[in-house]
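J.: Sequence unavailable; structure follows:
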């Protein structure tokens with residue numbers, strides 16, 4: 001267990017409250033309000049409980065208010081936070097909302113919150129340092145919300161849930177998450193494979209497949225193998241497939257233009273692995289102009305984080 005994990009464990013259950021089945025949202029910092037808006041919409045659609053996770057600045061009087069402060073304490077110390085929380089309570093109902101306050105390191109608090117949540121939404125942050133640490137250690141899928149560019153309806157995968165597919169266990173976990181999201185939101189899914197052998201971008205479905213003979217058979221076989229079982233489980237989800245050229249991170253960022261959500265798996269490689277192969281989830285989350293979900297592959301015990 002790393003020092004970050006040990007600190008997160010101590011912050012995980014401050015008063016024994018559980019967030020099992022909940023959506024957690026990091027509130028505060030760059031992008032925090034956008035993350036809250038995204039999480040509130042997700043909670044409203046799915047019926048989940050929404051937990052606002054706020055890390056108090058060192059000089060904030062809220063830091064002395066306890067883990068779950070009264071409405072009066074929040075209103076007095078942070079009117080913007082109080083207004084946002086009251087709006088969420090009105091929207092979802094008081095029984096489906098909670099506000100948890102923490103002191104200290106934001107990444108530690110968010111990693112701790114992720115242990116009892118099924119989904120964590122965070123802002124990209126000013127420098128991205130906190131977001132990178134959360135992505136590397138979170139216990140549940142993390143959705144990073146960045147300021148979005150104006151939607152381009154001409155983008156090939158606009159409005160889709162876009163998933164990076166590479167045939168790995170992490171990629172399959174991401175694909176399962178992506179299909180569930182597409183089914184839940186009634187939007188199409190695009191399975192994207194990045195190939196060094198490809199010299200162009202190819203977008204197709206079962207109807208247009210025969211018009212794209214330039215795509216190498218191995219890429220087509222991989223996408224078919226990975227998507228067909230899940231497509232059978234989610235028959236209402238229209239599926240498109242794409243084979244893109246370029247580096248993995250750059251191609252996925254390109255595919256995410258106008259997407260409802262871009263999903264990537266996290267193989268949880270250690271420092272050496274990230275240096276060797278690159279930190280694809282971190283680069284994509286930092287560079288995409290749409291919400292990015294990073295889905296962790298459950299780690300084998302003893303594997304370095």
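T.: Nice, I can see it. Just so you know, these numbers come straight off a predicted model, no measurement behind them.
J.: Might you list the low-confidence residue ranges for this structure?
T.: 1-20, 65-66, 126, 148-151, 206-217, 269-278, 298-305 (pLDDT under 70).
J.: any idea how far residue 114 lies from residue 75?
T.: According to C-beta to C-beta, to the nearest Å, residue 114 and residue 75 sit 28 Å apart. Yep, even glycine has a C-beta here, placed from its N, CA and C like the rest.
J.: before we move on, what about residue 135?
T.: The value you get for residue 135 to residue 75, if C-beta to C-beta is used, is 33 Å.
J.: Which of the two has more residues huddled nearby?
T.: When residue 135 is set against residue 75 and neighbours are counted by other C-beta atoms under 10 Å, the residue ahead is residue 135, at 27 against 15.
J.: Which element, helix or strand, includes that one?
T.: Using DSSP states H and E, the element containing residue 135 is helix 129-137.
J.: counting contacts, what elements does the helix or strand following that helix pack onto?
T.: Proceeding N to C from helix 129-137, the next assigned helix or strand is strand 142-145, under DSSP H and E. Secondary structure elements in contact with strand 142-145, counted by 3 or more C-beta pairs under 8 Å, 6 or more residues apart in numbering; DSSP states H and E, are helix 32-46, strand 117-123, helix 129-137, strand 292-296.
J.: got the angle between the first one and strand 117-123?
T.: Angular relation of helix 32-46 and strand 117-123 on a 0 to 180 degree scale: 150 degrees, by axes from the mean of the first three to the mean of the last three C-alpha atoms, to 10 degrees.
J.: Buried residues, helix 32-46. List them.
T.: Residues of helix 32-46 classed as buried by neighbour count (16 or more other C-beta atoms under 10 Å): 32, 33, 34, 35, 36, 38, 39, 40, 42, 43.
J.: hang on, the earlier thing: any idea which of the helices and strands packed on strand 142-145 gets closest to residue 84?
T.: helix 32-46 (6.3 Å; C-beta to C-beta).
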